[in-house]
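Asks: What shape does this take:
(chains A, B, C and D)
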Amino acid sequence: MDDIRLVTGLLDPNQAVDNLAVAASDAGGIATFIGKVRASGVEALELSHYELLTLPSMEALASHAHARFDLMGLVMLHRVGELAPGEPIVCVAAAARHRRDAIEAVDFCMDHLKSAAWFWKREKRGGEWQWIEPRAADHTDLARWSEKSGPV
Amino acid sequence: MDDIRLVTGLLDPNQAVDNLAVAASDAGGIATFIGKVRASGVEALELSHYELLTLPSMEALASHAHARFDLMGLVMLHRVGELAPGEPIVCVAAAARHRRDAIEAVDFCMDHLKSAAWFWKREKRGGEWQWIEPRAADHTDLARWSEKSGPV
Amino acid sequence: MAVTIIFLGPLRDVAGAESREVPGPLDWAGLLEHVGEAVAEQLNEARVNVACGGKVLSDKTQLNAKDGEEVALLPPVSGG
Amino acid sequence: MAVTIIFLGPLRDVAGAESREVPGPLDWAGLLEHVGEAVAEQLNEARVNVACGGKVLSDKTQLNAKDGEEVALLPPVSGG
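Replies: Predicted coordinates for the structure are as follows:
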């Protein structure tokens, strides 16, 4: 059971992960990562995407994760639009027979969503919007999977 | 905010992780792993522990995780007693400024809980109880952190 | 019918628009001409990709957009 | 007062009991004597640890448990 979506309203990770746990009831483990807008620091965050590429690229990423890890289900939810401090931006969860597959699949998907998927992010601080590029660390993280470094 | 506990009743991961998210509101990410009794296969699972060592060893493991990773909070809940198929056995969650600290801390804690913490596990199949030793893979996983391989 | 050029992420601010309609067909030279100097300068950087009809071009200079197609200008991404 | 020997995990089945009270003080030779042959055999394996008073002994043969203390026999673990 895969649940790959762009989310325009408030993202509810628990709901999606609970559904995964029910659907993949023979999984020995479920790993989850939830990325959030920090409660303090920014006034708002905006995620933009490109209709013709973004969701298809997430679906391709899910296929790569399935090919690489032994998974029983995968959740990949990504917010788009304007987000308030504290709101979840992204939720990736993987159910697997063995824990390392679940944990590594989440790690793999997050590295790709951070710096190799079709999203553009800007932050509002002091009333000013500013575009954010991936940190150098994000590119290093991605390179660990030794694949082409371009977006999927 | 750390929440390190042995749990005798049903383990509720969502509650603990939601509390972590609230307490560590400046965290950019929360990684979670939930290990469960598979829904099919075994009739029951029993986890035993040793009062004088088990919880102190989990607290020591939490300290090691804090020393090694930049964390804003850590949840480590482990069931003891008899568990039914489908029930959660263990929940580890870490909140951190950056996602790799959160994901790696969960990975680190799980590897140690699996094969280097004071728990003993047996499974009931076909009416017969059988003690389970860690898989060879669990020891390999633990060795990745290149520490002494004995229980903490 | 026309070709729609979509400006993504920071290129939206550089272009001062989310999209622009130009007459088709559209090739690389035509694209550089239509988007204005500031966007053209960024387009020449390797890290800016171009998609046509929902496919990212492996060689953007080979762009050949037909009437009715969408051409997207894709600066470096940052998600999560 | 006495020393309480605790049998953990599979050693519980081997010993046929969760614990046993023996007169203190208790050293390594005394422990091997009191637990019976089957448990003693396992105790001699390096992968079985011994704790005294809540501390795991780095050298179990140096056991020296006083009256009232708990001695725990710890076979290989498996959690999670």
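Asks: May I ask which helix or strand of chain A has the lowest mean pLDDT?
Replies: When the helices and strands of chain A are compared on mean pLDDT, DSSP states H and E, helix A:136-143 comes out lowest with a mean of 88.
Asks: tell me the contacts of residue C:76?
Replies: The contact partners of residue C:76, taken as CB atoms under 8 Å, 6 or more residues apart in numbering or on different chains, are A:133-134, C:9, C:47-48. Backbone N, C-alpha and C define where each C-beta goes, glycine included.
Asks: I'd like to know how far the closest residue to residue C:57 other than its chain neighbours sits from chain A.
Replies: In this structure, residue C:57 finds its nearest non-sequential neighbour in residue C:50, 5.2 Å apart by CB to CB, 6 or more residues apart in numbering or on different chains. Distance, residue C:50 to chain A, using CB to the nearest CB, to the nearest Å: 11 Å.
Asks: which residues in chain A form strands?
Replies: With DSSP state E as the definition, chain A shows strands at residue ranges A:2-7, A:29-36, A:44-49, A:71-79, A:81-83, A:88-96, A:119-125, A:128-132.
Asks: For residue B:14, which of those is the nearest?
Replies: Relative to residue B:14, the nearest member of the strands of chain A by CB to CB is strand A:29-36, separated by 10.5 Å.
Asks: quick one: residue A:117 and chain C, what's the gap?
Replies: Computed as CB to the nearest CB, the residue A:117 to chain C distance reads 5 Å.
Asks: Now that residue. Its backbone dihedrals?
Replies: In terms of degrees, to the nearest 10, the main-chain angles of residue A:117 are phi -130, psi 160.
Asks: ok, back up a step: going by distance to residue A:18, which of the contacts of residue C:76 wins?
Replies: Using CB to CB, residue A:134 comes nearest to residue A:18 of the contacts of residue C:76, at 30.9 Å.
Asks: before we move on, the earlier item: mind putting the strands of chain A in CSV, mean pLDDT included?
Replies: Output for the strands of chain A, formatted as CSV (pLDDT from 0 to 100):
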stretch, mean pLDDT
strand A:2-7, 97
strand A:29-36, 97
strand A:44-49, 97
strand A:71-79, 98
strand A:81-83, 97
strand A:88-96, 98
strand A:119-125, 96
strand A:128-132, 95
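Asks: Enumerate the residues of chain A near chain C.
Replies: The interface of chain A toward chain C, taken as CB under 8 Å from any CB of the partner chain, is made up of A:35, A:47-48, A:50, A:52-53, A:56, A:78, A:89-90, A:110, A:113-122, A:131-134, A:138, A:150-151.
Asks: Out of those residues, which end up buried?
Replies: Buried by 16 or more other CB atoms under 10 Å in any protein chain shown: A:35, A:47-48, A:50, A:52-53, A:56, A:78, A:89-90, A:110, A:113-122, A:131-134, A:138, A:151, out of these.
Asks: show me where chain C has helices.
Replies: Remark: helices of chain C, listed N- to C-terminal, are C:10-15, C:28-34, C:37-43; assignment by DSSP state H.
Asks: what mean pLDDT does the first one have?
Replies: If I follow you right, that is helix C:10-15. Confidence over helix C:10-15 (mean pLDDT, whole number) is 96.
Asks: Tell me which residues touch the spatially closest residue to residue A:53 that is not a sequence neighbour, please.
Replies: Of all residues not flanking residue A:53 in the chain, residue A:118 sits nearest, at 4.5 Å (CB to CB, 6+ apart). Applying CB under 8 Å, 6+ apart, we find residue A:118 in contact with A:49-50, A:53-54, A:57, A:151, C:8, C:74, C:77, C:79.
Asks: what about 10 Å?
Replies: A:48-58, A:151-152, C:8-9, C:49, C:51, C:56, C:72, C:74, C:77, C:79 (CB atoms under 10 Å, 6 or more residues apart in numbering or on different chains).
Asks: do the same with residue C:63
Replies: Counting by CB under 10 Å, 6+ apart, residue C:63 touches C:3, C:25-32, C:50-52, C:57, C:71.
Asks: just residue A:18 next, same as before
Replies: A:12, A:30, A:93, B:13-14.
Asks: which residue ends up closest to the midpoint of chain C in space?
Replies: Most central in chain C under CA atoms, centre = their mean is residue C:73, positioned 3.4 Å from the mean C-alpha point.
Asks: Tally up the residues packed near the residue nearest to that residue when sequence neighbours are not counted, please.
Replies: Nearest residue to residue C:73, sequence neighbours excluded (CB to CB, 6+ apart): residue C:11, at 5.2 Å. For residue C:11, the number of neighbouring residues by other CB atoms under 10 Å in any protein chain shown comes to 24.
Asks: that older thread, let me know the closest of the contacts of residue A:18 to residue B:100.
Replies: residue A:93 (17.4 Å).
Asks: ok, that closest one touching residue A:65?
Replies: No. Residue A:93 sits out of contact with residue A:65 when judged by CB atoms under 10 Å, with a separation of 11.4 Å.
Asks: Those two: who's more crowded?
Replies: residue A:93 (29 against 22).
Asks: Next up, the contacts around the more buried one.
Replies: With contacts defined as CB under 10 Å, 6+ apart, residue A:93 is in contact with A:3, A:13, A:16-21, A:24, A:30-34, A:73-77, A:102, A:105-106, A:109, B:32, B:34.
Asks: run the last query once more with 8 Å
Replies: Going by CB under 8 Å, 6+ apart, residue A:93 touches A:13, A:16-17, A:20, A:30-33, A:74-75, A:106.
Asks: hmm, back to that, would you mind listing the residues touching both of residue A:93 and residue A:65?
Replies: A shared contact of residue A:93 and residue A:65, defined by CB under 8 Å, 6+ apart, is any residue touching both; here these are residue A:74.
Asks: who's in contact with residue 26?
Replies: I went with chain A, as the question did not name one. The neighbourhood of residue A:26, defined by CB under 8 Å, 6+ apart, consists of A:72, A:97, B:38-41.
Asks: Not quite, go with chain C.
Replies: Under the criterion of CB under 8 Å, 6+ apart, the contact list for residue C:26 reads C:3, C:5, C:34, C:63-65, C:71.
Asks: export the residues you listed to JSON lines and tack on pLDDT?
Replies: Written out in JSON lines, the entries for the contacts of residue C:26 read as follows (pLDDT from 0 to 100):
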{"residue": "C:3", "pLDDT": "97"}
{"residue": "C:5", "pLDDT": "98"}
{"residue": "C:34", "pLDDT": "96"}
{"residue": "C:63", "pLDDT": "98"}
{"residue": "C:64", "pLDDT": "97"}
{"residue": "C:65", "pLDDT": "97"}
{"residue": "C:71", "pLDDT": "98"}
